[in-house]
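**Student:** what follows is a predicted protein model with its sequence.
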Amino acid sequence: MEPSPWQHCAPEREHDLSPHGVRLRIHEWGDPEATPIVLSHGMFDHGRGFDAIAPLLAEHFRLVSVTSRGHGDSAWADAYLWPLDVVDLIGVLEWVGRPSHLLGHSRGGAMVTDAAIYAPECVRQLVNLDGFGPPPAGFEMPGPWNDDRSVPERFEAFLDKRRRPAEESVWRPRPLFEDLVERRSEQNPRLSKPWLRHFVGLGAREVEGGFVWKADPAAGRGFGPWRPDWVTLDWPLLKAPMLAIIGGEPDTWGPLPDSVLEERFKNLRSVERATIEGAGHFMHMEEPEATARVILDWLPR
Amino acid sequence: MSAARESAPLEIRHATTRLALHSWRDRVGPPLLLLHALWSDAASLRGVAPGWSGPVFGLDFSGHGRSAWREGGVYSPELFAADADIALAEIARESNEPVVLAGEGVGAYAALLLAGGRPECVRAALLAGGRGLAGGGGAPPPEDRSQRFEKSFRAPMKRALGDAARGPDPRIEMAEHDPRPPDYAQHFAERAKHVILVGGEGEAAPWWEAVASLEKVERVPGDLATALTSYSR
């Protein structure tokens, strides 16, 4: 593999933290004494997804990037539940030890919003990068996820997966690293191949027979009656101001139609909107300079 | 399953789970699997089916009794039902007969989920009241959400760090308040072979009432022991 063009963006510090018994990988950039920003990544991503933007923000802030349980280099759990990821994030905020800004992307954006709601004492302001929940009818998942089975039938499939022995509950190795890059490229066609090689390279590992994702396949395999309209139920409780950023271009996971966003933002006391032109859902990876400028203009230091 | 296992439970090690399955009676006939209420354990149901004609099992859900605490601390009725499903697979090693499930509290709700999820493996599910039956209602409640998060998730996660892994896992608390929409529960009852609601007057959990409203669902008065005696006839 060729050296990554983002090698110079590597974190300045890397360590583990187990605020609630599950080991989380933490990456840090910037002056440890500067105002902290705690970062939270998207689903099946990892904390190094901020490599392109972090050095730009680190000129003024201490950045603490958290890799969620079951993702990247953090430990796996037996099962996953949204509120426990939020509690983990609050645990990191408590460890940082002073009120911090929060910045989250996609699932991480919704997660930092919840963390700010439930631990207001730990949070100053938050930046949400296109993490405003799924469309009202839920995500139209590509490929095998898209089925019309009844709820109990899908639960039976969930039970089948829980019955599998541990050695069968892992990713099937892809022969080539480039296969994983291609897979991710299908989902995120806007992201450049060199960036994907950097990003996927940090989120995958080599095993016998090829390459697999580091993320636990079970991390996206919970089962319960959650519904998209529950996303904003707690938003009226949010005290911290939010900077809501979307990309100007349509992309695999967003943005939501403006009418839906406006309806959801009505639940917030203080929200400012920004759009990164020429970028999609992963604006911090596609246009890190433009995204960083908007954030730096808005966040107090 | 042998009679020798009656004193010590069978330890099922599966993936990252370790579950204790108690085998209380070894007879030929329809197997009965008893599922306990939240914060309880299988032993609480040991004497509930003295006249049952087949083998009788009791499962300690993860985080309860002699089963292990769940790694990472996630507890939900769906995962309790998955625990019971692992037990079904174990029971099926010795008997191909569909199992009768009888549950109290959250064990009743897990029995409903499993009866709908595995209709070919579950002959009937008898559902009785007890701790963790209602959950948090049909949807997340509109008020006290912040306090609920503190009580259900943040505080128990902290408590679990301080407790040695003895007694019930404090994080079980989260399964007492999970939302259980009535239509969601109805889907499971509709696919299940046979659902019997035991007692339940005054329970008034929205999901219970929704299930009770289905024509195919049977309602019987009394408690679980009475209902099992009546069912086994």
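**Tutor:** That came through fine.
**Student:** right, is the longest helix seen in chain B up against chain A?
**Tutor:** The longest helix of chain B (DSSP state H) is helix B:77-91. Yes - under the criterion of CB under 8 Å from any CB of the partner chain, chain A is reached by helix B:77-91 at B:78, B:79, B:81, B:82, B:85, B:86, B:89. C-beta here means a position set from N, CA and C on the backbone, and glycine is covered the same way.
**Student:** the third one and residue B:114 touch, don't they?
**Tutor:** The reference is to residue B:81. Yes - Residue B:81 lies in contact with residue B:114 (CB atoms under 8 Å); the separation is 4.5 Å.
**Student:** who has more neighbours, these two?
**Tutor:** residue B:114 (34 against 31; other CB atoms under 10 Å in any protein chain shown).
**Student:** wait, is the more buried one part of a helix?
**Tutor:** Yes - counting by DSSP: H, G, I helix; E, B strand; the rest coil, residue B:114 is located in a helix.
**Student:** from chain A, how far off is it?
**Tutor:** Residue B:114 is 8 Å from chain A, where distance means CB to the nearest CB, to the nearest Å.
**Student:** which residues does that residue contact?
**Tutor:** Neighbouring residues of residue B:114 by CB atoms under 8 Å, 6 or more residues apart in numbering or on different chains: A:159, B:81, B:84, B:85, B:88, B:101, B:122, B:125.
**Student:** and what of residue A:244?
**Tutor:** Per CB under 8 Å, 6+ apart, neighbours of residue A:244: A:128, A:132, A:261, A:265, A:271, A:272, A:273, A:274.
**Student:** helix, strand, or coil at residue A:14?
**Tutor:** Residue A:14 is classified as strand under three-state DSSP.
**Student:** which residue, other than its chain neighbours, is closest to it?
**Tutor:** residue A:27 (5.4 Å; CB to CB, 6 or more residues apart in numbering or on different chains).
**Student:** how about the helices in chain B?
**Tutor:** B:77-91, B:106-117, B:145-149, B:155-162, B:182-191, B:206-212, B:224-232.
**Student:** quick one: closest of those to residue A:288.
**Tutor:** Closest to residue A:288 of those, according to CB to CB: helix B:145-149, at 33.2 Å.
**Student:** buried residues in the closest one?
**Tutor:** By 16 or more other CB atoms under 10 Å in any protein chain shown, the buried positions in helix B:145-149 come out as B:145, B:148, B:149.
**Student:** what about residue B:69, how many residues nearby?
**Tutor:** Counted with other CB under 10 Å, residues neighbouring residue B:69 total 23.
**Student:** wait, isn't it in contact with residue B:169?
**Tutor:** Yes - under the criterion of CB under 8 Å, residue B:69 makes contact with residue B:169 at 4.3 Å.
**Student:** what do these two both touch?
**Tutor:** B:62, B:63, B:160.
**Student:** rewinding a little: need the contacts of residue B:114 in JSON lines (columns: pLDDT and distance to residue A:201).
**Tutor:** Converted to JSON lines, the contacts of residue B:114 look like this (pLDDT from 0 to 100; distance: CB to CB, whole Å):
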{"residue": "A:159", "pLDDT": "95", "distance to residue A:201": "35"}
{"residue": "B:81", "pLDDT": "98", "distance to residue A:201": "39"}
{"residue": "B:84", "pLDDT": "98", "distance to residue A:201": "41"}
{"residue": "B:85", "pLDDT": "98", "distance to residue A:201": "38"}
{"residue": "B:88", "pLDDT": "97", "distance to residue A:201": "42"}
{"residue": "B:101", "pLDDT": "98", "distance to residue A:201": "48"}
{"residue": "B:122", "pLDDT": "98", "distance to residue A:201": "47"}
{"residue": "B:125", "pLDDT": "98", "distance to residue A:201": "49"}
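**Student:** name the nearest of these relative to residue B:48.
**Tutor:** For the contacts of residue B:114, the closest approach to residue B:48 (CB to CB) belongs to residue B:101, at 12.6 Å.
**Student:** OK, contacts around the nearest residue to that closest one once chain neighbours are set aside?
**Tutor:** By the measure of CB to CB, 6+ apart, the closest residue to residue B:101 outside its immediate chain neighbours is residue B:111, 4.0 Å from it. Listed by CB under 8 Å, 6+ apart, the contact partners of residue B:111 are B:35, B:81, B:84, B:101, B:102, B:103, B:125, B:126, B:127.
**Student:** and the gap between residue B:111 and chain A?
**Tutor:** From residue B:111 to chain A the distance is 13 Å (CB to the nearest CB).
**Student:** residue A:297 - how many residues pack around it?
**Tutor:** 9.
**Student:** ok but it is inside a strand, no?
**Tutor:** No - counting by three-state DSSP, residue A:297 is not part of a strand but helix.
**Student:** check it and give its pLDDT.
**Tutor:** pLDDT recorded at residue A:297 is 98.
**Student:** the residue nearest to residue B:101 and residue B:189: what is the separation?
**Tutor:** Counting by CB to CB, to the nearest Å, the separation of residue B:111 from residue B:189 is 11 Å.
**Student:** ok, residue B:77 next?
**Tutor:** Distance from residue B:77 to residue B:189, by CB to CB: 14 Å.
**Student:** picking that back up, which of the shared contacts of residue B:69 and residue B:169 come close to chain A?
**Tutor:** Answer for these near chain A (CB under 8 Å from any CB): B:62, B:160.
**Student:** what's the closest of the shared contacts of residue B:69 and residue B:169 to chain A?
**Tutor:** residue B:160 (6.8 Å; CB to the nearest CB).
**Student:** verify the stated contact: the closest one with residue B:171.
**Tutor:** Yes - Residue B:160 lies in contact with residue B:171 (CB under 8 Å); the separation is 5.1 Å.
**Student:** quick check: the residue of chain B nearest chain A.
**Tutor:** Proximity of chain B to chain A (CB to the nearest CB) peaks at residue B:72, 2.5 Å away.
**Student:** tell me the contacts of residue 173?
**Tutor:** You didn't pick a chain, so chain A it is. Counting by CB under 8 Å, 6+ apart, the residues that residue A:173 touches are A:207, A:208, A:209, A:210, A:211, A:212.
**Student:** you looked at the wrong chain, it should be chain B
**Tutor:** Taking CB under 8 Å, 6+ apart as the contact definition, residue B:173 lies against B:151, B:152, B:155, B:156.
**Student:** cool, residue B:186 as well?
**Tutor:** Contacts were defined as CB under 8 Å, 6+ apart; by that measure residue B:186 touches B:207, B:210, B:211, B:214.
**Student:** confidence score at it?
**Tutor:** In this model, residue B:186 carries a pLDDT of 97.
**Student:** before we move on, what about residue B:202?
**Tutor:** The model's pLDDT for residue B:202 equals 59.
**Student:** circling back: quick one, which of the residues of helix B:77-91 next to chain A are buried?
**Tutor:** Looks like the residues of helix B:77-91 next to chain A have B:78, B:79, B:81, B:82, B:85, B:86 buried, using 16+ other CB under 10 Å.
**Student:** any idea how far residue A:210 is from the last one?
**Tutor:** According to CB to CB, residue B:86 and residue A:210 sit 30 Å apart.
**Student:** please name the nearest non-neighbouring residue to residue A:232.
**Tutor:** residue A:267 (4.5 Å).
**Student:** then the one you found would be within a helix, right?
**Tutor:** No - with three-state DSSP as the criterion, residue A:267 is located in coil rather than a helix.
**Student:** got phi/psi on it?
**Tutor:** The phi and psi values for residue A:267, taken as degrees, to the nearest 10, are phi -80, psi -10.
**Student:** and the pLDDT at it?
**Tutor:** For residue A:267, the model assigns a pLDDT of 96.
**Student:** count of residues packed around it?
**Tutor:** The burial count for residue A:267: 15, using other CB under 10 Å.
**Student:** now swap in residue A:44 and tell me
**Tutor:** Neighbourhood size, residue A:44 [other CB under 10 Å]: 21.
**Student:** now swap in residue B:21 and tell me
**Tutor:** Neighbour number of residue B:21 under other CB under 10 Å is 24.
**Student:** low-confidence stretches in chain B?
**Tutor:** B:1-7, B:142-143, B:163-165, B:201-203 (pLDDT under 70).
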